[in-house]
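Trainee: Structure for the following, please:
(one chain, ligands or ions: 2)
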Amino acid sequence: MASSTTKPFVTPPFTTTTSSSSQPSTRSSLLSFLHNTTSTPISLKLSHSHSFSNSHSSLRSLSIKNATKTIESAETSSVSKVGGQDTNSRETKPTILVSEKLGEAGLELLRNYGDVDCSYDLPQEDLCKKIASCDALIVRSGTKVTRQVFEAAKGKLKVVGRAGVGIDNVDLQAATEFGCLVVNAPTANTVAAAEHGIALLASMARNVAQADASMKAGQWQRNKYVGVSLVGKTLAVMGFGKVGSEVARRAKGLGMQVIAHDPYAPADRARAIGVELVSFDQAISTADFISLHMPLTPTTKKVFNDETFSKVKKGVRIVNVARGGVIDEDALVRALDSGKVAQAALDVFTEEPPAKDSKLVQHERVTVTPHLGASTKEAQEGVAIEIAEAVVGALQGELAATAVNAPMVPAEVLSELAPYVVLAEKLGRLAVQLVAGGSGIKSAKVVYRSARDPDDLDTRLLRAMITKGIIEPISDSFINLVNADFTAKQKGLRISEERAVVDTSPEFPLFSIQVQLSNVDSKFGSAVSEGGDISIEGRVKYGIPHLTRVGSFSVDVSLEGNLILCRQVDRPGMIGQVGNILAEQNINISFMSVGRTIRRKNAIMAIGVDEEPNEESLKRIGEVPAIEEFVFLKL
Ligand SMILES: NC(=O)c1ccc[n+]([C@@H]2O[C@H](COP(=O)([O-])OP(=O)(O)OC[C@H]3O[C@@H](n4cnc5c(N)ncnc54)[C@H](O)[C@@H]3O)[C@@H](O)[C@H]2O)c1
Ligand SMILES: O=C(O)[C@H](O)COP(=O)(O)O
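Mentor: Ligands and ions are numbered 1, 2, ... in the order given. Sure thing, here's the model as predicted:
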């Protein structure tokens, strides 16, 4: 092998928040790849049936439908669909529970695919009862998808679709632990929310709601409802994501000075629309108006509290179309009463609906709407279609472009990586079968060799599949992209990764993947490297995964069907002897390779077989005098 330099690295954890506006192109491009309809599709499947052994038949797993042209033409049976539903051939339709009102166009899409149960506003207890028979659940912000719901689903629930942006009503940790994908519809209601923010801003400044109520009560109070102007005032946009930036754009059009605070937003994106990114304190202390657009997370919970209000400019006006929970509502009432905050306009509340006698809702200087930000006809149709497509895709086993608890990988990257993802799973599966006893694996190291810049490689899919390959054969856990990292951590398996730059063609994303298991004994001593680890390495050749190294022996065998590895004295006739034993049981050899260290001394024979040899044949192979050790491995 060419000389190499290595570099340890850490891949980012799976995202568990909605994407920021810097990510949408990634999301949409992945979706288009997964619906690829070319004649040689390679699609990454989040599958819901199991293919490894009968004892795991009730389990769900992520698998790869690897249907490259080479494989298809060579072997049609190897592309049988694992998991997911094929619209033409499915036997039972999936059940999709829609627990809040969804646009008709989305419902139509869902009905074309599954049995749709629209049961709105279910009490939690009824939701838990129903969920046990559902494959998918679609919610808006009103349904609390708690751990209890995932527990009640007993593994049947495959996807939760949030028809909107905020996923703070879904217990993402529980979803991840249960291997349930969560997808949202992050783009279709952006403009609606921004428009509502501007509507609240303007109506608050001009007392529209209060004046309207007063007139309807028979009053004519022109002096009481003198407002304030927006032009020339400073607006602080807190959270410069999709909605925040649209609000900023519109506020600029109204002649406002706009500043923004967002620890994750790129300054050049803000600058491009004439907005300056500033610190939190600077934003709140200089603004005449503050508009909230950050997600509700543990960090943003009650970020507007007594201390914050003590720092704001006296007479500030606050708009919140993000989430009620980012404001300490009691503190806001105090700030309104003291006059520190002149007015507030709120679309969202900590508890929804809030108590009828809520001091905040009843406050004279507060304008309220019942979480209407996303409620335009246009946005609701858009959101419904966006979420229906994501949910159907996920039920079909596709990776969702809007997944919030699984890695999202750009389409072009996924397309390139697909055969390596197959290789990764097979190497994990092979490595674990080489361990004596199988359990007790605590650490695995993966070395990715590539001619490309190490920073260009996103290994999250590869790592997830290696984890799946290692864990599945030795436990009854089902593993998919959603829960691979979590399951590995839970089982105490530490996976470290390293990239090595090698002097090969940069045309392919990877030259090879090496999997090493440390501190374990092997049932096939030759698989142990000089460093004492079980070590195997593989490459993709013509789209097909190959095993290229076992311990310190070079081999070259395609990873299809099953594999027999033998270490023998390097002498003539060995291939014939083993071949004859297999032939007697009518076992077809698909591939064979011999690697040796010293001529006429030690060799490793790797034999790919289509069928599983019976015990008698395996015993006879072991009895061939020159064979010193051998192992049969299922791929
Ligand atoms: N009222 C409604 O009906 C309605 C409609 C749509 C969205 N929303 C809510 O609006 C919010 C924004 O939605 P979006 O689509 O713009 O999401 P987004 O992910 O595009 O933007 C959120 C932004 O907040 C930023 N952020 C995260 N933590 C922050 C912090 N501590 N301080 C400042 N900024 C922070 C992120 O970097 C991101 O840029 C979400 O809470 C969403 O649920 C409400
Ligand atoms: O986060 C969102 O998308 C909005 O808050 C909309 O929520 P809704 O779907 O309940 O209207």
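
Trainee: give me the residue from the stretch 51-200 of the chain nearest ligand 1.
Mentor: Gly166 (2.7 Å; CB to the nearest ligand atom). For glycine as for every other residue, the C-beta is placed from the backbone atoms N, C-alpha and C.

Trainee: I'd say that residue and His293 touch.
Mentor: No: using CB atoms under 8 Å, Gly166 makes no contact with His293, being 11.2 Å away.

Trainee: between these two, which one's more packed in?
Mentor: Neighbour tally, Gly166 and His293, criterion other CB atoms under 10 Å: the higher count belongs to His293, 27 against 20.

Trainee: what's the pLDDT at that one?
Mentor: His293 is assigned 98 on the pLDDT scale.

Trainee: residue contacts, it?
Mentor: Gly197, Val237, Met238, Gly239, Phe240, Gly241, Val243, Gly244, Val247, Val321, Ala322 (CB atoms under 8 Å, 6 or more residues apart in numbering).

Trainee: same thing but 7 Å
Mentor: By CB atoms under 7 Å, 6 or more residues apart in numbering, the contact set of His293 is Val237, Met238, Gly239, Gly241, Val243, Gly244, Val247, Ala322.

Trainee: Neighbour-wise, which one of those residues leads?
Mentor: Neighbour max across these (other CB under 10 Å) = Val237, 33 neighbours.

Trainee: about what we covered before: can you give me the distance of the residue of the stretch 51-200 of the chain closest to ligand 1 to Ser141?
Mentor: Taking CB to CB, to the nearest Å as the measure, Gly166 and Ser141 are separated by 6 Å.

Trainee: again, but for Gly274
Mentor: 32 Å.

Trainee: likewise Ser291?
Mentor: Ser291 is 19 Å from Ser141, by CB to CB.

Trainee: In terms of pLDDT, where does the residue of the chain at minimum distance from ligand 1 sit?
Mentor: Using CB to the nearest ligand atom, the single residue of the chain nearest to ligand 1 is Gly241, 1.7 Å away. Note on Gly241: pLDDT of 95.

Trainee: Give me the phi and psi angles of it.
Mentor: phi -100, psi -140 (degrees, to the nearest 10).

Trainee: Spell out which parts of the stretch 151-300 of the chain neighbour ligand 2.
Mentor: Ala163, Gly164, Val165, Gly166, Asn189 (CB under 6 Å from any ligand atom).

Trainee: Okay, now the unreliable bits of the stretch 451-600 of the chain?
Mentor: Residue ranges of the stretch 451-600 of the chain with pLDDT under 70: 597-600.

Trainee: again, 50 this time
Mentor: Applying pLDDT under 50 to the stretch 451-600 of the chain picks out no residues at all.

Trainee: Mind jotting down where the strands sit in it?
Mentor: 494-502, 512-517, 534-541, 544-550, 553-558, 562-569, 589-598 (DSSP state E, counting those that start in this stretch).

Trainee: Quick check: which of the ones you listed is nearest to ligand 2?
Mentor: Using CB to the nearest ligand atom, the strands of the stretch 451-600 of the chain put strand 494-502 closest to ligand 2, at 34.2 Å.

Trainee: ok, now how distant is the residue found closest to Gly255 once you drop the neighbours it is linked to in the chain from ligand 2?
Mentor: Closest residue to Gly255 apart from its sequence neighbours, by CB to CB, 6 or more residues apart in numbering: Val231 at 3.7 Å. Distance of Val231 to ligand 2, computed by CB to the nearest ligand atom, to the nearest Å: 29 Å.

Trainee: do Ala267 as well
Mentor: Following CB to the nearest ligand atom, the distance that separates Ala267 from ligand 2 is 26 Å.

Trainee: same thing with Leu559?
Mentor: From Leu559 to ligand 2 the distance is 44 Å (CB to the nearest ligand atom).

Trainee: ok, that residue touching Pro545?
Mentor: Yes: using CB atoms under 7 Å, Leu559 is in contact with Pro545, at 4.4 Å.

Trainee: So for Gly274 and Ser141, which sits in the more crowded spot?
Mentor: Neighbours were counted for Gly274 and for Ser141 using other CB under 10 Å; Ser141 has more, 21 against 11.

Trainee: so that one, which of the three states?
Mentor: coil (DSSP: H, G, I helix; E, B strand; the rest coil).

Trainee: Tell me who's in contact with it.
Mentor: So Ser141 contacts Gly164, Gly166, Asn169, His371 (CB under 7 Å, 6+ apart).

Trainee: Name the residues of the chain found near ligand 2, please.
Mentor: Going by CB under 6 Å from any ligand atom, the residues of the chain near ligand 2 are Arg140, Ser141, Gly142, Ala163, Gly164, Val165, Gly166, Asn189, His371, Gly373, Ala374, Ser375.

Trainee: Ramachandran coordinates for the residue in the stretch 251-400 of the chain positioned nearest to ligand 2?
Mentor: Here the residue of the stretch 251-400 of the chain nearest ligand 2 is Ala374; by CB to the nearest ligand atom that distance is 3.5 Å. Backbone geometry at Ala374, expressed as degrees, to the nearest 10, gives phi -90, psi 0.

Trainee: how many neighbours does it have?
Mentor: The burial count for Ala374: 26, using other CB under 10 Å.

Trainee: Quick one, grab the pLDDT at it.
Mentor: Ala374 is given a pLDDT of 98.

Trainee: what sits against the closest residue in space to it that isn't next to it in sequence?
Mentor: Nearest residue to Ala374, sequence neighbours excluded (CB to CB, 6+ apart): Asn189, at 3.7 Å. By CB under 7 Å, 6+ apart, Asn189 lies in contact with Gly164, Val165, Ala374, Ala379, Val383.

Trainee: So which residues of the stretch 51-200 of the chain form helices?
Mentor: When secondary structure is read from DSSP state H, counting those that start in this stretch, the stretch 51-200 of the chain shows helices at 69-74, 104-111, 124-131, 147-153, 172-177, 190-205.

Trainee: just the ones you listed: most buried one?
Mentor: helix 190-205 (a mean of 22; mean count of other CB atoms under 10 Å).

Trainee: does it come close to ligand 1?
Mentor: Yes: legend: contact between helix 190-205 and ligand 1 by CB under 6 Å from any ligand atom is shown at Thr190, Ala193.

Trainee: what number of residues lie near the residue of the stretch 451-600 of the chain found nearest ligand 2?
Mentor: Nearest residue of the stretch 451-600 of the chain to ligand 2: Val482, at 21.4 Å (CB to the nearest ligand atom). Using other CB under 10 Å, Val482 has 27 neighbouring residues.

Trainee: Surely it touches Ala400?
Mentor: No: in terms of CB under 7 Å, Val482 does not count as a neighbour of Ala400; the distance is 10.3 Å.
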